[in-house]
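Q: Sequence first, predicted coordinates after that:
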Amino acid sequence: MSAADHDSWPHTRAYLEMLPDGLSSHPTTLVKASALLAFRSRLELGGLDEMPADLADVVRYPPLPSQWLPTVHMNVVEMMLVDQLGSVAAFEELAYQINCNYLRSPLYRVAFRVLSPQMLLRGAAFRWRHFHRGSSLKVMRMDSRSARLHLTYPNHLFNAAIASEKGGAFRVALELAGAREIEMSCEQPTSTDAFYESTWSTSSAS
């Protein structure tokens, strides 16, 4: 993607240039297509003619929700949203709303309705693998009101905006498990790791 020709997509361009092989990077690192579709539904598609055909096709020809597709494709859709919204902060706010709707949908809500945040976190690695392949999530530390999570992934798969979006999804999952007053922070991610610190309280009904 040429910077001169596609100035309307600066975050998308920067993300692709960071990857080792652009859109073809990390082909065995996959995500459930239902996640891409949740973010695609908020894209305005009018500007796709400005993009190279392979990028536009990621959005123009959506897969079936049950399919697996390269995580890079999902991330490109997220970066397109950053560009359309005009800021990472606006994207993070919208992404939280998207993840709320996505994880609270009948298809996935049952996977997160457990008895406590601790039970949710004990199964965090399994739940991550339900949606992702080629990356991993583990709990490094957990007690009754806090946790530290470690997300690992191939080189430059997630940038700061995408790593923050994942933190928002973790927050939604904790809410579904009964956590309240959640604080979720993502440390500045490296090329292959992101760390999350979270604290919460629980209601008397949880």
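A: Yep, it's here. Computed from a predicted model, the values in this text were never measured in an experiment.
Q: Please pull out the lowest mean pLDDT helix or strand from the chain.
A: The least trusted helix or strand in the chain, going by mean pLDDT, DSSP states H and E, turns out to be helix 109-112, with a mean of 69.
Q: Which positions in the next helix or strand after that helix come out as buried?
A: Using DSSP states H and E, the helix or strand that directly follows helix 109-112 along the chain is helix 117-122. If you call a residue buried by 16 or more other CB atoms under 10 Å, then helix 117-122 has these buried ones: 117, 118, 120, 121. Where you see a C-beta, it was placed from the backbone N, CA and C, and this is true even at glycine.
Q: quick one: the third one and residue 108, what's the gap?
A: Using CB to CB, to the nearest Å, we find residue 120 at a distance of 13 Å from residue 108.
Q: Which of the three states applies to residue 200?
A: strand (DSSP: H, G, I helix; E, B strand; the rest coil).
Q: can I assume it is in contact with residue 178?
A: No: here residue 200 lies out of contact with residue 178, judged by CB atoms under 8 Å, at a distance of 9.0 Å.
Q: Can you pull the residues that touch both of those two?
A: Taking CB atoms under 8 Å, 6 or more residues apart in numbering as the criterion, residue 200 and residue 178 both touch residue 117.
Q: out of everything not next to it in sequence, what's closest to residue 159?
A: Residue nearest to residue 159 in three dimensions, not counting chain neighbours: residue 15, with 5.9 Å by CB to CB, 6 or more residues apart in numbering.
Q: got it, and residue 164?
A: Nearest to residue 164 is residue 186, by CB to CB, 6+ apart, at 5.1 Å.
Q: Hmm, the one you found is touching residue 196, no?
A: Yes: with contact defined as CB under 8 Å, residue 186 counts as touching residue 196 (5.4 Å).
Q: what sits against residue 193?
A: Applying CB under 8 Å, 6+ apart, we find residue 193 in contact with 150, 151, 152, 153.
Q: and the residues you listed, which of them are in strands?
A: 150, 151, 152 (DSSP state E).
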